[in-house]
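heads up, no residue letters with this:
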């Protein structure tokens, strides 16, 4: 399934300079997908995670764990890349002099549940497709790095909590409110 995601990612990107399923070193995960933008001397590394839609809280937590695992994989690859950028870019893209290339990274998840990680951006496959279809590669790279890829909530929406009484217990559940919040 993740191979399908890599093919989808490749179809969104307007560049011939891509790499997929690259083995880097035995103690590292394979690099799922990367794209190089030669015009701006920048590259994006993507770890892919495929999920079925979550039907229960148990499945949501399992997805969270898998996303965190993917974020750790990206961090490991980035540490490897930054230790010797020339070697890394020769290995991944077959180019010399990778020292000056600006490197971006993310986890791309099919059916993402708006997971957030402080270090590694996590973006839904559909959303990255939208970004690539309407922006240059480098603009997408920067939107991802700056965590500016999420669709903004409308101005009249606020995040609040709804109190629910059930079986003698009171639950406070996060909720989105549209318009004015009734008192």
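Looks like it came in fine. What you see is a predicted model; the values in this text were computed from it and never measured.

mind checking which helix or strand residue 150 is in?
Using DSSP states H and E, residue 150 falls within no helix or strand.

ok, it to residue 23 distance?
Distance, residue 150 to residue 23, by CB to CB, to the nearest Å: 32 Å. For every residue, glycine as well, the C-beta is placed using N, CA and C.

Could you check which of these two has the larger neighbour count?
More neighbours surround residue 150 than the other of residue 150 and residue 23, with 13 against 10 (other CB atoms under 10 Å).

Residue 26 - how many residues pack around it?
By other CB under 10 Å, 5 other residues sit near residue 26.

mean confidence score for the helix ranked longest in the chain?
The longest helix of the chain (DSSP state H) is helix 57-83. Averaged over helix 57-83, pLDDT sits at 84.

What is the subsequent helix or strand relative to that helix?
Next along the chain after helix 57-83, taking DSSP H and E as the criterion, comes helix 85-93.

for whichever helix or strand comes after that next one, which positions count as buried?
Next helix or strand after helix 85-93 toward the C-terminus (DSSP H and E): strand 102-110. Residues 103-110 are the ones in strand 102-110 that count as buried (16 or more other CB atoms under 10 Å).
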